[in-house]
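Asker: got a structure for you, letters missing:
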């Protein structure tokens, strides 16, 4: 056999190959735009030069604490500069960033600290009560650094040192190295698993770099965006936006607490151009009190995920001047990996039809190599008929390395060479996918599959409904029937019969809820409705 | 030693790792925007669905001809759809695309076909005279496919088949595979070496993918750009724009011949948003006849490289509504790899100062990992003082695999772990680099280095000068002195004494040309001034 001349004496070498890593974005922003504002936090403004020095200091200080490759550094903080800096400083020390969900309880935090083997914990004083308890529970206590944020409410100091003191020990010229291998871990993010222990999703430098780029491409981001931190950085590393916005030498506007007034103020005062958030953020903006509102100085791009935004919500937001981009993803795929890529010709359609198109999850990110809806047993793709349900599968470079210390779960997730999302959906004739349900949420009534998302979508259009969740209720005749849990808007009223009549006017008969229960919806720490709790309640109804 | 838990049972697998390749951009454009216009060529308009099918047909047809991994497919064509399709169809067959410079002579084409071991040659009939001669000279005749472009001037058929016939033999559903390894070659581009045989620069899929993305980032490109093909696709694969524009599901506007009238017409008629070109394209637009001009319907982004654009040229172009982005690169780095990243605050400076800033080469692309100006012997970076000259070095993922079948040249190019560009420049205090010369072009007069680019930049400001090139003339006393070759604008007049007086008013005395020669400048096939020929002429002056 002939030797391939293109493989001969054309090997990788330090001149023509480097590990892909988002860390270089920071160095470049500081080199090219040293004086631009990198971070805004209350009255504090820091340039890219300053920010890069702080990240180098953090890396150097961590190394001085004994941190090295493969060590975990956990951070318990809201969207403040310290957590942003950790997205660079921790991996610049060769370590792995584990951003903790601040809404978790002490037991869960303790589990994660032990499972992730955190050697250092940076913790904002606001969360001292939870963290103090967690530190009593852990098998191995990490080195604890308090973050005393001037905008925080205070709280006990638990640690060996304060964050700014730690930085002061670090060298602003610390000579960090890129990872030896782009497959090296950069972050560890625990799933919010509604049952059982959370799983530790491991990200690598390659994926973080690529999804940071992917965000630029799908959102057609300009140079120097002003990005408002409404999405928690502890969710999939803020969907990789700490790295994306830095690649564009933009400005990170921090936000300790997600409130309508603060969001409108940041948009008006700092010229925010982009923000991300779950539908709950949109609801918050739509229902904001008059005194909290400020007019948008120009259109603002908002990326949303987690649940398909109801048409009414999209319409209300766009009426205010927000341009909504709908994405879909999971912790296992670095945040968003699928986008409802918009077609210019859709602008001519009626608003309702536009909203229907926009509520679909869409197509793969350019940096995700494969996306399909398929039979979970055979992996055969379903027909693109918009009707045949299957499981959503993904593959490619923005799929996680796997679950930390959990080979069984990793193997299951990757069985057949595709990542199993556990989400059910359809593929439309135009190739766009639409989620119908989580596989465990689907209702099977008289042998028919009922998408709880579809039923919820209809009930959301009822003018009195603020929030709704539909789950299966056991039924001796049908097997299961739909049961709707409804939270009404303040001051609004509706009866169960009215809700059911509304559903009947808009849904196939077998999909209409037989039961309607009013009251607030239980939520997980990440703001998702706890359907497992509602299923328990539905089961317990006499 | 402790095992790193982040490396345990977290290996690459088909679910979480795929070879980076630009080929997936085409599949995605066809899936997501099947009906958008992908290619415009005269009256022909093809959608992304059609274009993808044609590329699949091409790949399938090549495989049927016996082409497989590591084989070379050469194309001799201007910027027409066939050459664009080859950027996808050839690597979809596993093969390597060798786009030939249509301005080369038969001997050079024959050398390249033999050296690159082309197994198939697609050739536009316009170039039949050259190609027929080349095919008589080659040691191994490739399979020849004629391209009978309807907009071409015709010419003899040399081959076994016509391009459309070839496509007809291919399967529109041909199941191509991504490369097994992203390090696999995707393209082969010969340098235009002014002396000796050209060298074959090998690109890999990883680099093509990354620089395609890099273009999006540095140019902040929107979705669906309308890109005019003024830059030859046979130059560094059109700086990777066949892949970039496809990643954005934009429109490729083909152009057989680069003429001012055709450019203005395409901008007005097709809504062109982006184009690239050497300064010669800008000169063409600035000096276009009135009948060829059309007003720009909106600002048009123009990326230029090859020589620092003189301030007067930038000012004239921007006055017409072009926004100039200045980049710098070489065949060895996939085209542009350095960009004069713009600062908003520079907009407030005087036009002359803005042009001076813009004529600098700038900073690294985000996808180039290293850029420095350093001592070529020690690789020690020069101080960032804007004055100390050194050689420009680059390293990272958009540096070539190496030179085909030329291990010595490859090793020399990569000595010390950096790619040696052979260009001389300085680094300014703000980190931006500025080229001063090719190392072989620099003039050494009385022990002082004289940058020919600097002298040319001054002479370009003289109102009668159209083009100028400065080279060394041997001098018994000084060693060398600057000799200026000047082409005057049509209808303009100037004497050698006037040119010298103008230079004296604007340059240090030792940099002023002692000799001025009027007349047209000799150019290489790629439009670069042939300084080696001018040096010969300067040496021959009595």
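Answerer: Okay, I see it. The structure presented is a predicted model; accordingly, all values stated were derived computationally and were not measured.

Asker: mind listing the helices for the stretch 101-250 of chain A?
Answerer: In the stretch 101-250 of chain A, the segments counted as helices under DSSP state H, counting those that start in this stretch are A:106-116, A:128-137, A:163-169, A:205-219, A:236-239, A:241-247.

Asker: Now mean neighbour count too, for those, in CSV please.
Answerer: Using the backbone N, CA and C atoms, a C-beta is placed for each residue, glycine as well. CSV is the format used below for those (neighbours: other CB atoms under 10 Å in any protein chain shown):
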stretch, mean neighbour count
helix A:106-116, 21
helix A:128-137, 18
helix A:163-169, 18
helix A:205-219, 26
helix A:236-239, 26
helix A:241-247, 27
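
Asker: Let's have those helices in JSON lines, adding mean pLDDT and distance to chain B.
Answerer: Below are the helices of the stretch 101-250 of chain A laid out as JSON lines (pLDDT from 0 to 100; distance: least, CB to the nearest CB, whole Å):
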{"stretch": "helix A:106-116", "mean pLDDT": "96", "distance to chain B": "9"}
{"stretch": "helix A:128-137", "mean pLDDT": "98", "distance to chain B": "20"}
{"stretch": "helix A:163-169", "mean pLDDT": "98", "distance to chain B": "23"}
{"stretch": "helix A:205-219", "mean pLDDT": "98", "distance to chain B": "5"}
{"stretch": "helix A:236-239", "mean pLDDT": "97", "distance to chain B": "15"}
{"stretch": "helix A:241-247", "mean pLDDT": "98", "distance to chain B": "6"}
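
Asker: out of the ones you listed, which comes closest to residue B:355?
Answerer: Evaluated with CB to CB, the helices of the stretch 101-250 of chain A place helix A:241-247 nearest to residue B:355, the distance being 27.9 Å.

Asker: same for the helix or strand just after the closest one, what does it pack against?
Answerer: Next along the chain after helix A:241-247, taking DSSP states H and E as the criterion, comes strand A:251-253. Where contact means 3 or more CB pairs under 8 Å, 6 or more residues apart in numbering or on different chains; DSSP states H and E, strand A:251-253 is packed against strand A:37-41, strand A:226-228, helix A:241-247, helix A:260-270.

Asker: 10 Å instead?
Answerer: Strand A:251-253 sits against strand A:37-41, strand A:44-47, helix A:81-92, strand A:226-228, helix A:241-247, helix A:260-270, with contacts defined as 3 or more CB pairs under 10 Å, 6 or more residues apart in numbering or on different chains; DSSP states H and E.

Asker: per-domain residue ranges of chain A.
Answerer: A:42-213, A:441-542 (automatic domain parsing).

Asker: what about the helices in the stretch 401-542 of chain A?
Answerer: A:407-413, A:452-460, A:496-506, A:531-540.

Asker: mind checking how far the residue sitting nearest the centre point of chain A is from chain B?
Answerer: The C-alpha lying nearest the average C-alpha coordinate of chain A belongs to residue A:235 (CA atoms, centre = their mean; 4.3 Å). Distance, residue A:235 to chain B, by CB to the nearest CB, to the nearest Å: 20 Å.

Asker: For chain A, give me the ranges with low pLDDT.
Answerer: For chain A, the stretches with pLDDT under 70 are A:1-2, A:192-196, A:306-308, A:525-526.

Asker: on that earlier part again, tell me the most buried of the domains of chain A?
Answerer: For these, average neighbour numbers computed from mean count of other CB atoms under 10 Å in any protein chain shown are highest in domain A:42-213, which has a mean of 21.

Asker: ok, back up a step: a markdown table please, covering the helices of the stretch 401-542 of chain A and showing distance to chain B.
Answerer: As requested, the helices of the stretch 401-542 of chain A are exported to a markdown table (distance: least, CB to the nearest CB, whole Å):
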| stretch | distance to chain B |
| --- | --- |
| helix A:407-413 | 4 |
| helix A:452-460 | 23 |
| helix A:496-506 | 30 |
| helix A:531-540 | 27 |
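
Asker: Make CSV out of the ones you listed and add distance to residue B:69.
Answerer: CSV is the format used below for the helices of the stretch 401-542 of chain A (distance: least, CB to CB, whole Å):
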stretch, distance to residue B:69
helix A:407-413, 31
helix A:452-460, 45
helix A:496-506, 56
helix A:531-540, 50
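
Asker: looking at the ones you listed, which is closest to residue B:513?
Answerer: Per CB to CB, nearest to residue B:513 of the helices of the stretch 401-542 of chain A: helix A:407-413, 69.9 Å.
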